[in-house]
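J.: fold the following, please.
(one chain, ligands or ions: 1)
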Amino acid sequence: MDISKLNQTLIEEPIFRLKQAKRAVFVNLVDNWDQTTNFSKKLRDELNKNCPISIKAEFLKSIKSDSLKALITLSDGLKIETVLLSHGVGRNTICLSSQVGCAIGCSFCATGKRGFKRNLTAEEMIEQIILFARLLKKRNQRVNNVVFMGMGEPFLNYDNVLKTIKILNNKDYFNIGARHISISTIGIIDGIKKLATQSLQINLAISLHAPNNNLRAQIIPINKQYPLDKIINAINYYINKTNRRVMIEYVMIKDFNDSVEQARQLIELLKQISKPLYFVNLIFCNSITEFKPSEKDKIKQFREILVKQKIETTLRYSFGQDIQAACGQLIGS
Ligand code: SF4
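T.: Now for the predicted structure:
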C-alpha cells in the first residue's frame with residue numbers, strides 16, 4: 001500500500017474528491033480503487049497505479065490466545081510486524097510499530113537486537129490499522145484501542161506518530177478516542193515534554209525496567225543520556241502540565257530486577273513523582289534473549305511490596321508468545 005501520492009494524484013480534481021478518497025480507504029476500507037464506483041474509471045485506474053491500496057502481509061495466529069501477528073512488506077521491501085490482540089467480545093487492540101527496527105538496542109528486546117533501518121511514515125502506521133480493520137470488518141467489529149508498543153521508539157519518530165494519532169482520532173476517519181491510544185517510551189525526555197504541551201488526552205507509558213541507574217544501564221544503553229533522575233523530572237513536568245496519569249512499565253527479569261530490595265528501591269524512586277498520578281505495570285519478560293522471566297512467586301511478592309505502599313500495580317502477562325508477538329519479541333522476519 002502507498003497513499004503518499006494521493007494529494008498529487010487528485011490535484012486536478014474538485015477538493016471534495018480527496019475527502020471521498022480518504023473515506024473510501026479509512027472508513028469504507030476498500031482494498032482496490034475499483035470499489036470506489038463513484039469515481040470515474042480513468043480516475044480509478046490512475047489511483048490503482050499511483051496509490052495502490054492492497055497490503056502485502058502474512059499472518060500468524062496464536063493457538064494459545066486471541067492474538068494475530070502480521071508481517072507487512074512495505075513498498076520499499078522492508079518488513080515490519082504488527083499485532084492484533086482481541087480480548088472479550090469486540091475489544092480489539094492493535095500494537096503498532098513506529099519504526100523499522102529500533103536504534104535504542106535494549107538487550108532484552110528482539111527488535112533492539114535487529115538494529116534500526118528507518119522511521120515509518122504516518123501512512124505506513126495507518127496501513128497497519130487498515131490491515132486489521134479490514135479483517136475485523138468481516139466480523140462486524142472494529143479497532144478500539146491502539147498502543148504504540150510494537151517495533152521502534154515512538155518518540156524518535158515524534159512528528160509522524162503525532163500525525164498518525166490525529167488521523168486515528170479524526171471523527172471523519174477512524175474515530176478512535178484519544179483515551180484509547182497509548183504511547184510507550186523508553187524515556188525519551190524531549191518526547192515526553194513535547195507531548196505534555198499537546199492538548200491530546202492520549203495515555204503515556206514510560207519504561208523504567210530497573211530501580212537504579214547501574215542496573216538500568218546494563219539493559220538500556222540510552223540510560224547514559226536519559227538517566228532516571230531526568231526521567232522522573234520529565235514525568236513531573238508531564239503530570240503537572242496535563243494532570244494525566246502515567247503508566248510506569250517494569251519488565252520482570254529473573255534474578256536481575258525482581259528482588260525485595262529492588263522493589264523497595266523502586267518505591268523510593270517513585271516517591272520522587274510529585275503527584276500520585278501514576279501506576280505500575282509489571283510485565284512478564286518474554287525469553288527471546290538471554291534474559292528469563294521472573295518466577296510467578298517472585299512477581300507476586302514484588303507486586304505485594306508495592307501494593308502495601310498503596311502503589312496501584314497491575315500485571316501484564318503477555319499474549320501471543322507462541323507466535324513471538326508479545327512485548328519485546330517483534331523482529332520483522
Ligand atoms: Fe527499542 Fe523498545 Fe525494544 Fe528498547 S524495548 S529496543 S526502545 S523497541
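J.: switch to C-alpha atoms for all contacts and neighbour counts from now on
T.: Noted.
J.: which parts of stretch 55-70 are buried?
T.: Under the neighbour-count criterion of 16 or more other CA atoms under 10 Å, stretch 55-70 has 55, 57, 60-62, 65, 67-70 buried.
J.: next step: the residues you listed restricted to helices.
T.: Using DSSP state H, no member of the buried residues of stretch 55-70 falls in helices.
J.: can you list these in CSV and add pLDDT and distance to residue 255?
T.: Shown next, in CSV, are the buried residues of stretch 55-70 (pLDDT from 0 to 100; distance: CA to CA, whole Å):
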residue, pLDDT, distance to residue 255
55, 96, 43
57, 96, 38
60, 90, 32
61, 83, 32
62, 77, 29
65, 70, 28
67, 86, 29
68, 93, 31
69, 93, 30
70, 95, 33
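J.: which two in these are spaced the farthest apart?
T.: Greatest spacing in the buried residues of stretch 55-70, by CA to CA: 55 and 65 (24.6 Å).
J.: per-residue pLDDT of the residue nearest the centre of the chain, please?
T.: Residue closest to the mean C-alpha point of the chain, counted by CA atoms, centre = their mean, is residue 148 at 1.4 Å. pLDDT, residue 148: 97.
J.: quick one: contacts for it?
T.: Applying CA atoms under 8 Å, 6 or more residues apart in numbering, one finds that residue 148 lies in contact with 95-98, 154, 181-184.
J.: ok, now residue 239?
T.: By CA under 8 Å, 6+ apart, the contact list for residue 239 reads 196, 245-246, 275, 277.
J.: among those, which ones are buried?
T.: In the contacts of residue 239, the ones that pass as buried (16+ other CA under 10 Å) are 196, 245-246.
J.: which one of those residues is nearest to residue 114?
T.: Nearest to residue 114 out of the buried ones among the contacts of residue 239 is residue 246 (CA to CA; 28.7 Å).
J.: what's the neighbour count on the closest residue to that closest one other than its chain neighbours?
T.: Nearest residue to residue 246 in three dimensions, chain neighbours excluded: residue 278, at 4.6 Å (CA to CA, 6 or more residues apart in numbering). Around residue 278 there are 19 other residues, counting by other CA atoms under 10 Å.
J.: need phi/psi at residue 278.
T.: Residue 278 has phi and psi values of phi -160, psi 160 when expressed as degrees, to the nearest 10.
J.: do residue 158 as well
T.: The phi/psi pair for residue 158 (degrees, to the nearest 10) is phi -50, psi -50.
J.: which parts of this structure sit against the ligand?
T.: With CA under 6 Å from any ligand atom as the criterion, the chain meets the ligand at residues 102, 104-106, 109, 111-112, 151-153, 186, 328.
J.: just to be sure, residue 82 is in a helix?
T.: No: going by DSSP: H, G, I helix; E, B strand; the rest coil, the assignment for residue 82 is strand, not a helix.
J.: right, and residue 262 touches residue 213 too?
T.: No: at 12.0 Å, residue 262 does not count as touching residue 213 under the criterion of CA atoms under 8 Å.
J.: make TSV from the contacts of residue 239 and add pLDDT and secondary structure to it.
T.: What follows is the contacts of residue 239, written out as TSV (pLDDT from 0 to 100; DSSP: H, G, I helix; E, B strand; the rest coil):
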residue	pLDDT	secondary structure
196	97	helix
245	96	coil
246	97	strand
275	94	coil
277	97	coil
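J.: by mean pLDDT, which helix or strand of this structure comes out lowest?
T.: The helix or strand of the chain with the poorest confidence is helix 110-114; it has a mean of 83 (mean pLDDT, DSSP states H and E).
J.: of all of this structure, which residue lies closest to the ligand?
T.: residue 112 (3.4 Å; CA to the nearest ligand atom).
J.: how about that residue, what does it touch?
T.: 101-106, 152.
J.: dump the C-alpha coordinates for the longest helix anywhere in the chain into PDB.
T.: Counting by DSSP H, the longest helix found in the chain is helix 122-138. The C-alpha trace of helix 122-138 is given here as PDB (Å, rounded to 0.1, in the frame of the first residue of the first chain):
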ATOM      1  CA  ALA A 122       2.200   8.200   9.100                       C
ATOM      2  CA  GLU A 123       0.700   6.300   6.100                       C
ATOM      3  CA  GLU A 124       2.700   3.200   6.900                       C
ATOM      4  CA  MET A 125       1.500   3.300  10.500                       C
ATOM      5  CA  ILE A 126      -2.100   3.800   9.300                       C
ATOM      6  CA  GLU A 127      -1.600   0.900   6.900                       C
ATOM      7  CA  GLN A 128      -1.100  -1.400  10.000                       C
ATOM      8  CA  ILE A 129      -4.500  -0.200  11.300                       C
ATOM      9  CA  ILE A 130      -6.200  -0.700   7.900                       C
ATOM     10  CA  LEU A 131      -4.900  -4.200   7.600                       C
ATOM     11  CA  PHE A 132      -6.600  -5.400  10.700                       C
ATOM     12  CA  ALA A 133      -9.600  -3.100  10.300                       C
ATOM     13  CA  ARG A 134     -10.400  -4.800   7.000                       C
ATOM     14  CA  LEU A 135     -10.300  -8.200   8.800                       C
ATOM     15  CA  LEU A 136     -12.400  -7.000  11.700                       C
ATOM     16  CA  LYS A 137     -15.000  -5.600   9.400                       C
ATOM     17  CA  LYS A 138     -15.800  -9.100   8.200                       C
END
